[in-house]
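Enquirer: build me a structure from this.
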Amino acid sequence: MAGALDKMRAAGFALGIAADGGLLVRPAERLTAAQRAWLAANKAKLVAELAAGALLPADESRIRRYLARIGEADPVTIAELLDVCRRDAEARIATLALAIESESQPAPPPPPPKLSARQTPEQRQQCFDARVAEFLRAGMTHEEATAATAKEGW
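Expert: Here you go, the predicted model:
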């Protein structure tokens, strides 16, 4: 049964146990008819397997990659979130769903280098324009990219 859980996770699904004891699968709208039938036929075994495993190492790794991707580096915050995911199935499945969704998104742009006090206005404008271009490549609109660059102090 654990192999089947691994296959579902590898296919991009997060599985967990709902507060009412049922099975949570996200994103449910992506399930095929065959997957739905298999889940229904094996629900009791899956719930028992999930209850025994709480937060699997692969799931913890996926959550850690997600946190790194969104720029969360505070070890206390990371430990608290992982602790919540170990104790609360709904929080775990919601966090895993976010992690899975983020894997299909473009990586955010890297943080900008600090401005040098000796830069000329032309050099500052070049840096500003380069940073706007980075945000545009990451999928932002021009207005969003300009606002984000200005907010960073460029």
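Enquirer: low-confidence ranges in this structure?
Expert: The chain contains residues with pLDDT under 70 at 1-4, 19, 52-54, 108-119, 154.
Enquirer: quick one: the helices in this structure?
Expert: Counting by DSSP state H, one finds helices in the chain at the ranges 2-10, 33-41, 43-53, 57-69, 75-87, 89-103, 121-137, 142-151.
Enquirer: would you reformat these as JSON lines and include mean neighbour count and distance to L24?
Expert: Where you see a C-beta, it was placed from the backbone N, CA and C, and this is true even at glycine. Shown next, in JSON lines, are the helices of the chain (neighbours: other Cβ atoms under 10 Å; distance: least, Cβ to Cβ, whole Å):
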{"stretch": "helix 2-10", "mean neighbour count": "13", "distance to L24": "12"}
{"stretch": "helix 33-41", "mean neighbour count": "12", "distance to L24": "11"}
{"stretch": "helix 43-53", "mean neighbour count": "14", "distance to L24": "9"}
{"stretch": "helix 57-69", "mean neighbour count": "15", "distance to L24": "13"}
{"stretch": "helix 75-87", "mean neighbour count": "13", "distance to L24": "13"}
{"stretch": "helix 89-103", "mean neighbour count": "19", "distance to L24": "5"}
{"stretch": "helix 121-137", "mean neighbour count": "14", "distance to L24": "35"}
{"stretch": "helix 142-151", "mean neighbour count": "14", "distance to L24": "33"}
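Enquirer: relative to G21, which of the ones you listed is closest?
Expert: Closest to G21 of the helices of the chain, according to Cβ to Cβ: helix 43-53, at 6.8 Å.
Enquirer: could you find the closest non-adjacent residue to R64?
Expert: I78 (7.0 Å; Cβ to Cβ, 6 or more residues apart in numbering).
Enquirer: over to G139?
Expert: P106 (5.5 Å).
Enquirer: what does A58 give?
Expert: A58 sits nearest to R9 (Cβ to Cβ, 6+ apart), 6.5 Å away.
Enquirer: wait, that neighbour sits on S61?
Expert: No - assessed by Cβ atoms under 8 Å, R9 is found out of contact with S61, at 11.1 Å.
Enquirer: nearest the middle, which residue of this protein would you pick?
Expert: A99 (2.3 Å; Cα atoms, centre = their mean).
Enquirer: sounds good, over and out.
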